[in-house]
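Sharing a model prediction with you, sequence too.
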Amino acid sequence: MPDTHQNFRPTMHFSAPFGWINDPNGLVYMDGEWHLFYQYYPFGTTWGPMHWGHAVSRDLLQWEHLPIALKPDQNGQCFSGSSVVDTYNTSGLFEHPSQSNLVSLYTNTLGLTAIQDNGLQAQSIATSTDGRYFKQHIDLNPVAPNEGIQHFRDPKVFWHDPTNKWVMVVTEGQSIGLYGSTTLTKWEKLSTWGEEEAIHDELPWECPDLFPITDDQGVERWVLVIGLQRAAYAGGSGTQYVVGHFDGERFTNLNAKEDALYLDYGKDFYAAQSFSNAPNGRRIAIAWMSNWLYANDVPTDGYRGSMTLPRELFLITTEQGLRLKQSFIIDSLTSSANEAIQHNEPNQWCFELKQGLLKAELKMSKGTQIEIKPFGDKALTYRISHSESGYLVETKRKVVVSSSNVFEQAFPYQSRFIIPSQNALNLMLAKDAHSCELLLCDGLYSCTDTVFTHDTGKVTCSILEGQILMESVDVLSHT
């Protein structure tokens, strides 16, 4: 188990025992276990030659660390990718069909240097029959060679039943390439999407994910999730999504091509990936909880990087169109509301919460303004103002514990977004040793931030103007 006494070591969020982590990889459910692979450098706390770390869980909160799954070889480093269960042995790489045939597709990168910062990238394959030990097929790799694309990485693979084939989405610079295969070992190009759609910046897209999801009207839709390196809502790296249709070859956007749909409005939600093979068709995702602007400089000891809480995704109809909403997976948390809630002053509530979840439903009259401080100081402040136009949510984060000039310059930020008016505003606030994940409006709006302060014990909610009524409140603790 990780040393929870290390500086800012989380207890509720996943982090590696030692070393550097970034993107979640290969998320898959198999044999009753949730497998989390991740970009990992086990020999230092800044980004280095990429391996695949590995952990499993039965409840998505308690994780067992396992040996490294994939290591650099003569084909290069092991960049991001995905895993699928090859039940019927379509790959021909197993002795027989089995529900324990695990195939991982990942990006091998050769020639990565300070001068050539992306190297030669191609898609490779590895297999396992027990979810513990993996064979990297050096003789077969790469299974999707690079035919002259400078940025060609991060394959996400899924089975498409209507066309009876595997489909892979992979970033090709600032577009998404779609490929098809019946074997997982030979791929053909199907189409390209995105050159003039969605949000772009000066750097390549990363970590795509394409999946079907049934909306609240019972209609199957497709959602494409894409990592942005510099165009996040709050600045730096973040995550966008597009709602559309997929016919087995081409993806089409249901919205105007310039529509900006952000999966998170904070500054620490990147490379989101969903689990394949999840029971009952559930769509559950995890993101890397950091930002490339300062990830190498955060003031932690012995490790750098952690993951968000797993979140279940739903697609619902709003006045603005079809939108994703998110909900935390919190089954193993226990209620401690009676001991944790204090009404200290007429205009302030105080909640004792170090690691856990605060759930509340607020009724705010128009003209009301409140401040929520998850860490009891000014390290992170959410200000919510109710007016005729809706709820204005303003986030302000500052440096409390410093580690470098880069960190001091890139870490502080301020941003704002609007939530349309409704009868009541509900919130879920997940807090850990160095992070806060805030879901508002039944999870339609998400704001994820890391925070580095030693004042961690309380959450305060203060009324600056007007009146609020807390219709319901609960505190769930993680022990």
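Perfect, I can see it now. Residues are numbered from 1 along each chain as shown.

Quick check: the closest residue to Gly235 other than its chain neighbours vs Lys396, distance?
Spatial nearest neighbour of Gly235, chain neighbours left out: Tyr413 (5.9 Å); criterion: CB to CB, 6 or more residues apart in numbering. For glycine as for every other residue, the C-beta is placed from the backbone atoms N, C-alpha and C. Tyr413 sits 8 Å away from Lys396, going by CB to CB, to the nearest Å.

All the strands of the stretch 51-200 of the chain, residue numbers only.
Assigned by DSSP state E, counting those that start in this stretch, the strands in the stretch 51-200 of the chain fall at 51-57, 63-70, 77-85, 102-110, 120-128, 135-136, 152-160, 165-172, 176-181, 188-193.

what's the closest of the ones you listed to Ala285?
Closest of these to Ala285 is strand 152-160, at 11.7 Å (criterion: CB to CB).

and stretch 376-390, how far apart are its ends?
Across stretch 376-390, the terminal residues are separated by 27 Å (CA to CA, to the nearest Å).

what do you get for stretch 429-446?
10 Å.

Run the chain-centre distance for that stretch.
The chain centre lies 13 Å from the centre of stretch 429-446; the measure is CA atoms, centre = their mean, to the nearest Å.

State the next helix or strand along the chain beyond the longest strand anywhere in the chain.
If you go by DSSP state E, the chain has its longest strand at strand 19-30. Downstream of strand 19-30, the next assigned helix or strand under DSSP states H and E is strand 33-41.

List the buried residues of that following strand.
By neighbour count with 16 or more other CB atoms under 10 Å, strand 33-41 contains the buried residues Trp34, His35, Leu36, Phe37, Tyr38, Gln39, Tyr40, Tyr41.

Name the nearest of these relative to Ala69.
Closest to Ala69, out of all of these and judged by CB to CB, is Phe37, at 5.8 Å.

ok, and the closest non-adjacent residue to that closest one?
Spatially, and ignoring its direct neighbours in sequence, Phe37 is nearest to Gly26 (3.7 Å; CB to CB, 6+ apart).

quick one: contacts for the one you found?
Gly26 sits next to His35, Phe37, Trp52, Ala69, Gly81, Ser82, Ser83, Ser104, Tyr106 when contact means CB atoms under 8 Å, 6 or more residues apart in numbering.

Can you name the residues that contact the fourth one?
It refers to Ala69. Gly26, Phe37, His51, Trp52, Gly53, His54, Ser104, Ala126, Ser128, Phe134.

next one: the fifth one
Taking CB under 8 Å, 6+ apart as the definition of contact, the neighbours of Gly81 are Asn25, Gly26, Ser104, Leu105, Tyr106, Thr107, Gln123, Asp154, Pro155, Lys156.

isn't the fourth one right up against Ile125?
The reference is to Leu105. Yes. Between Leu105 and Ile125 there is a contact under CB atoms under 8 Å: 5.8 Å.

who has more neighbours, these two?
Higher neighbour count among Leu105 and Ile125: Leu105, with 27 against 24, using other CB atoms under 10 Å.

before we move on, the earlier item: go ahead and build a ChimeraX selection from the buried members of the contacts of Gly81.
Of the contacts of Gly81, the buried ones can be selected in ChimeraX as follows, counting by 16+ other CB under 10 Å:
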select :25,26,104,105,106,107,123,154,155,156
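
need the contacts of Gly81 in JSON lines with pLDDT and distance to Thr456, can you?
What follows is these, written out as JSON lines (pLDDT from 0 to 100; distance: CB to CB, whole Å):
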{"residue": "Asn25", "pLDDT": "97", "distance to Thr456": "30"}
{"residue": "Gly26", "pLDDT": "98", "distance to Thr456": "32"}
{"residue": "Ser104", "pLDDT": "98", "distance to Thr456": "37"}
{"residue": "Leu105", "pLDDT": "98", "distance to Thr456": "40"}
{"residue": "Tyr106", "pLDDT": "98", "distance to Thr456": "37"}
{"residue": "Thr107", "pLDDT": "98", "distance to Thr456": "38"}
{"residue": "Gln123", "pLDDT": "98", "distance to Thr456": "42"}
{"residue": "Asp154", "pLDDT": "98", "distance to Thr456": "34"}
{"residue": "Pro155", "pLDDT": "98", "distance to Thr456": "39"}
{"residue": "Lys156", "pLDDT": "98", "distance to Thr456": "36"}
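
from the contacts of Gly81, which single one is nearest Gly305?
Asn25 (12.9 Å).

which residues does the closest one bridge with?
Counting by DSSP bridges, Asn25 is bridged to Phe37.

Provide a list of residues in contact with it.
Here Asn25 is in contact with Phe37, Tyr38, Gln39, Trp52, Ser80, Gly81, Ser82, Ser83, Tyr106, Gln273 (criterion: CB under 8 Å, 6+ apart).

Verify the stated contact: the third one with Gln77.
No. Using CB under 8 Å, Gln39 is not in contact with Gln77, being 9.6 Å away.

From Asp264, how far out is Gly26?
Distance, Gly26 to Asp264, using CB to CB: 22 Å.

Domain map for this structure?
Annotated domains of the chain cover 19-328, 334-477 [automatic domain parsing].

Endpoints of the first one, how far apart?
Looking back up the chat, that one is domain 19-328. 27 Å.

Please state the offset of it from the chain centre?
Computed by CA atoms, centre = their mean, the separation of domain 19-328 from the middle of its chain amounts to 10 Å.

what do you get for the last one?
Between the mean C-alpha point of domain 334-477 and the mean C-alpha point of its chain there is a distance of 20 Å (CA atoms, centre = their mean).

can you tell me which of the strands of the stretch 51-200 of the chain comes nearest to Gly218?
Judged by CB to CB, the one of the strands of the stretch 51-200 of the chain that comes nearest to Gly218 is strand 152-160, at 20.4 Å.

What helices and strands are in contact with the closest one?
With contacts taken as 3 or more CB pairs under 8 Å, 6 or more residues apart in numbering; DSSP states H and E, strand 152-160 sits against strand 77-85, strand 102-110, strand 120-128, strand 165-172, strand 206-214.

need those in JSON lines with distance to Leu93, can you?
Formatted as JSON lines, the helices and strands packed on strand 152-160 follow (distance: least, CB to CB, whole Å):
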{"stretch": "strand 77-85", "distance to Leu93": "12"}
{"stretch": "strand 102-110", "distance to Leu93": "7"}
{"stretch": "strand 120-128", "distance to Leu93": "5"}
{"stretch": "strand 165-172", "distance to Leu93": "13"}
{"stretch": "strand 206-214", "distance to Leu93": "24"}
